[in-house]
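Q: Have a look; sequence and predicted model below, questions after that.
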Amino acid sequence: MCGIIGYVGKTPCVEFIFEGLKKLEYRGYDSSGIAVYDSGHLHLIKKPGKIKNLQPYLGSLPSAASSGMGHTRWATHGEPSELNAHPHMEQGISVVHNGILENYKELKIELMREGAVFQSDTDTEVMVHLLARELAYVKDPKKAILNIVPRLEGAFAFGIMFADYPDTVYLVKQASPLVVGLGEGESFFASDALALLGHCKNYVYLEDAQIAELKSSGLQLYNFHGVQAEFEVTQIDEAAFSVDKGGFHHYMRKEISEQSRIIAAAIAKYLGPGSLESWADVLDKLPAKGKIAVHEQTPVYIVGCGTAYYAGMLGKYLIESLTAVQVQVELASEFRYRQPKLRAGAIAIAVTQSGETADTLAAVQYAKRQGATVYSLCNVEHSSIVRESEVFIPLGCGAEIGVASTKAFTAMVFNFYLLSWVVASQFESVAQSPAEELRSLPLLLERIQAMDAQIEQVAKQIVEASSCIYMGRGHHFPLACEGALKLKELSYIHAEGYAGGELKHGPIALIDRSMFVVALVPRCDGYDKMVSNIQEVIAREGRVIAVGAEDDRQLQEMVEYYIPSPQVDDPALQAILTAVVLQLFAYYVAVHRGTDVDQPRNLAKSVTVE
Ligand code: M6R
């Protein structure tokens with residue numbers, strides 16, 4: 001949610017900031033802006049819409065400017081417009097912000113009573129006026145920030161520049177991410193290290209309640225009481241951040257295609273080439289940090305949002321099908337406010353691609369306060385949630401740029417699969433493990449890529465649809481929810497996922513000739529019951545698209561449209577195969593509706609506000 005990037009050094013920086021913004025566009029894309037310092041003044045450009053809209057105006061900024069910052073916005077307060085775009089600037093002070101100032105209204109009223117005139121509808125602008133007021137008294141930018149910070153409520157990552165204090169940018173962090181990059185005689189900062197790769201080798205992740213004073217000569221960190229803080233310098237494995245489209249039209253399509261390779265690599269890493277002797281060996285290799293220790297009596301909570309939540313639902317099915325461990329899967333946004341009393345010894349497993357999702361982070365912090373041990377299944381090693389975790393299981397699928405999550409979802413499910421076997425192996429009786437089927441997965445995933453044209457043909461049929469139901473049973477119920485989420489976020493067609501058994505408890509009232517029903521009918525998850533559900537839909541003139549076995553002629557003849565999918569016996573592995581079919585289906589519906597596949601409207605890749 002909103003991307004921030006900036007530079008303080010000796011080299012002209014306008015181009016660097018513009019290019020960095022493009023790398024951060026996944027965080028929000030409704031407007032953008034850049035502020036730079038030159039010859040005693042701050043200079044500003046802002047435009048609504050995608051970042052490319054700034055390009056024609058870059059020349060109006062002083063080309064020699066060697067400190068500055070940029071922002072790409074995901075609107076919270078105020079429509080996407082030039083006035084509401086960041087940076088906000090007033091009286092020689094410029095501010096960019098990621099997050100929400102929850103008490104901005106009362107601050108705004110106070111400032112307006114004193115005569116402040118607001119240009120925008122944003123919460124952020126109060127920070128500019130607060131700073132101007134405070135600076136007039138204390139005449140010291142750091143002191144002014146320290147005096148203001150106790151008055152701010154909510155989540156915020158700020159970049160702040162002052163026309164009267166060149167070669168310095170101040171950063172403030174509370175519950176929204178910020179990373180600093182340190183170079184030779186130059187310093188960088190951004191919401192995500194991704195935007196700084198190739199420019200510096202040493203990174204410092206700011207902690208909550210910290211203020212950074214960043215100069216070309218380096219970094220000073222303070223806590224919110226003004227006490228200087230130590231910091232740890234981290235190096236980043238740049239190979240994990242490859243961000244090209246690999247010859248595909250969209251990042252999303254490329255990321256769908258990568259899943260076979262990612263799972264093959266995970267199998268090679270954890271299971272090795274031969275036959276699997278013992279899951280204990282996997283246990284030794286599984287966590288990059290911390291040791292997995294789940295006992296039959298351990299209360300386990302899985303928390304996540306969106307796609308990650310649906311992966312968590314599958315995680316519950318997987319762990320509970322192999323062990324007697326009781327797992328509760330919770331929407332992070334509810335968990336943090338529902339405030340359940342966690343039993344002693346509880347484990348909270350956070351599932352998250354970005355590791356920065358505000359609700360998941362808050363759920364993790366709540367669980368920690370309740371004494372739980374936190375595990376994370378996450379794709380970003382240095383993210384806030386990983387840093388809060390005792391055990392970190394890396395998803396290892398490389399940067400996911402498409403806003404719709406694809407490869408991260410299957411990596412989450414795959415890692416829950418390994419985790420469930422590892423946990424089961426810690427108890428006495430472990431059933432025969434399906435390692436052979438597991439090894440067949442990469443090839444089967446390749447086969448699905450080759451069915452691309454077939455899936456596209458069916459996808460074309462629902463391009464004009466206004467609503468769609470997905471239904472599945474067992475492991476395919478979470479998948480029905482995930483499939484519906486993919487369709488709605490990419491194509492803007494209304495879609496909901498239901499458990500097949502729930503259909504006649506309400507949703508069946510929606511069925512008529514205009515309703516498409518995507519039925520997930522693998523051989524393994526309640527096949528006969530799903531066939532009955534399909535009959536019930538057809539009897540009410542609903543239009544069924546079934547996803548089932550390649551050789552299931554009977555099913556194929558029953559329904560209007562059919563998408564064949566390779567089959568395995570293990571429903572968890574089947575769920576991974578079906579997930580990829582549903583991703584391709586949603587992708588092609590979006591392509592044929594002409595929507596913005598990689599950056600669907602109103603969304604952002606990393607949801608760092610509530
Ligand atoms: O980074 P996270 O996995 O924590 O993100 C959670 C959700 O915001 C995310 O999965 C979202 O639902 C995706 N747009 C789904 O494709």
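A: Perfect, thanks for sending it. Numbers count the residues shown, from 1 in each chain.

Q: For the rest of this, base every contact and every neighbour count on C-alpha atoms.
A: Will do.

Q: Quick one: the strands in the stretch 1-150 of the chain, in order.
A: 3-8, 31-38, 41-48, 67-73, 88-90, 93-101 (DSSP state E, counting those that start in this stretch).

Q: Off-centre distance for the last one?
A: What it means is strand 93-101. When C-alpha coordinates are averaged (Cα atoms, centre = their mean, to the nearest Å), strand 93-101 and its chain have centres 21 Å apart.

Q: do the same with the second one
A: Relative to the chain's own centre, strand 31-38 is displaced by 26 Å; criterion: Cα atoms, centre = their mean.

Q: quick one: contacts for the residue located most distally from the centre of the chain?
A: In the chain, the residue that sits farthest from the middle, by Cα atoms, centre = their mean, is residue 137; the gap is 41.5 Å. Residues near residue 137 by Cα atoms under 8 Å, 6 or more residues apart in numbering: none.

Q: try 10 Å
A: Residue 137 sits next to 143, 144 when contact means Cα atoms under 10 Å, 6 or more residues apart in numbering.

Q: how near is it to the ligand?
A: Noted for residue 137: a distance of 42 Å to the ligand, by Cα to the nearest ligand atom, to the nearest Å.

Q: Spell out which parts of the stretch 501-610 of the chain neighbour the ligand.
A: 606, 607 (Cα under 6 Å from any ligand atom).

Q: any chance of the strands of the stretch 1-150 of the chain in a markdown table, with mean neighbour count too?
A: As requested, these are exported to a markdown table (neighbours: other Cα atoms under 10 Å):
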| stretch | mean neighbour count |
| --- | --- |
| strand 3-8 | 31 |
| strand 31-38 | 28 |
| strand 41-48 | 22 |
| strand 67-73 | 32 |
| strand 88-90 | 22 |
| strand 93-101 | 26 |
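
Q: Any chance of those in CSV with mean pLDDT as columns?
A: Shown next, in CSV, are the strands of the stretch 1-150 of the chain (pLDDT from 0 to 100):
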stretch, mean pLDDT
strand 3-8, 97
strand 31-38, 97
strand 41-48, 97
strand 67-73, 97
strand 88-90, 95
strand 93-101, 95
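
Q: export these to JSON lines and tack on distance to the ligand?
A: Listed next are the strands of the stretch 1-150 of the chain as JSON lines, based on distance: least, Cα to the nearest ligand atom, whole Å:
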{"stretch": "strand 3-8", "distance to the ligand": "15"}
{"stretch": "strand 31-38", "distance to the ligand": "19"}
{"stretch": "strand 41-48", "distance to the ligand": "22"}
{"stretch": "strand 67-73", "distance to the ligand": "16"}
{"stretch": "strand 88-90", "distance to the ligand": "27"}
{"stretch": "strand 93-101", "distance to the ligand": "15"}
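
Q: In TSV, list these along with distance to residue 312.
A: Formatted as TSV, those follow (distance: least, Cα to Cα, whole Å):
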stretch	distance to residue 312
strand 3-8	27
strand 31-38	33
strand 41-48	37
strand 67-73	29
strand 88-90	40
strand 93-101	26
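
Q: Of all those strands, which one is nearest residue 438?
A: Checking these against residue 438 by Cα to Cα gives strand 3-8 as the closest, at 38.8 Å.

Q: So what's the gap between that closest one and the chain middle?
A: Chain-centre distance of strand 3-8: 21 Å, with Cα atoms, centre = their mean.

Q: and this structure, which residues reach the ligand?
A: So the chain meets the ligand at 305-308, 352-355, 357, 403-405, 486, 606-607 (Cα under 6 Å from any ligand atom).

Q: May I ask which of those has the most neighbours?
A: residue 352 (31 neighbours; other Cα atoms under 10 Å).

Q: Contacts only, for that one.
A: Applying Cα under 10 Å, 6+ apart, the residues near residue 352 are 303-309, 311-312, 360-361, 376-380, 385-386, 395, 408-409, 412, 606.

Q: for residue 492, same thing?
A: 466, 467, 485, 486, 589, 590, 593, 595, 600, 601.

Q: Can you give me the distance of it to residue 510?
A: 18 Å (Cα to Cα, to the nearest Å).

Q: Give me the pLDDT value at the residue of the stretch 1-150 of the chain found nearest the ligand.
A: For the stretch 1-150 of the chain, the residue closest to the ligand is residue 1, as judged by Cα to the nearest ligand atom, at 10.1 Å. Looking at residue 1, its pLDDT stands at 72.

Q: so it touches residue 75, yeah?
A: Yes: between residue 1 and residue 75 there is a contact under Cα atoms under 10 Å: 8.5 Å.

Q: Show me where the stretch 501-610 of the chain dips below the pLDDT cut-off.
A: Within the stretch 501-610 of the chain, no stretch has pLDDT under 70.

Q: what does the chain give?
A: Ranges of the chain meeting pLDDT under 70: 240-242, 273-290, 427-434.

Q: Now do the contacts for residue 375.
A: By Cα under 10 Å, 6+ apart, the neighbours of residue 375 are 287, 289-292, 302, 347-351, 364, 385-386, 388-393.

Q: residues in contact with residue 342?
A: Residue 342 touches 299, 300, 301, 348, 366, 367, 368, 369, 370, 371, 372, counting by Cα under 10 Å, 6+ apart.

Q: Pick the one among those residues closest to the ligand.
A: For these, the nearest to the ligand is residue 348 (14.6 Å; Cα to the nearest ligand atom).

Q: Next, work out how far apart the closest one and residue 205 are.
A: 24 Å.

Q: Neighbour count: those two, which is higher?
A: Taking other Cα under 10 Å, residue 348 and residue 205 do not tie; residue 348 has more neighbours (27 against 23).

Q: can you tell me the helix or strand for that one?
A: strand 347-352 (DSSP states H and E).

Q: ok, now residue 548?
A: Secondary structure (DSSP H and E) places residue 548 in strand 543-549.

Q: about what we covered before: using neighbour counts, trim the contacts of residue 492 to the buried set.
A: Listed as buried from the contacts of residue 492 are 467, 485, 486, 589, 590, 593, 595, 600, 601; burial here means 16 or more other Cα atoms under 10 Å.

Q: List the buried residues in stretch 407-427.
A: Result for stretch 407-427 [16+ other Cα under 10 Å]: buried residues 407-426.

Q: My guess is residue 238 contacts residue 201. True?
A: Yes: between residue 238 and residue 201 there is a contact at 9.4 Å, judged by Cα under 10 Å.

Q: The two - which one has more neighbours?
A: Neighbour totals were compared for residue 238 and residue 201, and residue 201 leads with 16 against 12 (other Cα under 10 Å).

Q: what residues are up against the closest residue to the more buried one other than its chain neighbours?
A: Excluding the flanking residues, the one nearest residue 201 by Cα to Cα, 6 or more residues apart in numbering is residue 235, at 6.1 Å. Going by Cα under 10 Å, 6+ apart, residue 235 touches 181, 200, 201, 202, 203, 204, 382.

Q: now, which of those residues sits nearest the ligand?
A: Among the contacts of residue 235, and counting by Cα to the nearest ligand atom, the member closest to the ligand is residue 382, at 13.3 Å.

Q: got the contact list for the closest residue to the closest one other than its chain neighbours?
A: Nearest in space to residue 382, with sequence neighbours left out and distances taken as Cα to Cα, 6+ apart, is residue 205 at 7.9 Å. For residue 205, the contact set (Cα under 10 Å, 6+ apart) comprises 177-181, 189-193, 231-234, 382-384, 387.

Q: now do residue 401
A: Applying Cα under 10 Å, 6+ apart, the residues near residue 401 are 23-27, 241-245, 250-252, 254-255, 598-599, 605.

Q: For ChimeraX, write the select line for the buried members of the residues you listed.
A: Typed into ChimeraX, the line below selects the buried ones among these, using 16+ other Cα under 10 Å:
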select :23,24,25,26,27,241,250,251,252,254,255,598,599,605
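
Q: Alright, calling it a day.
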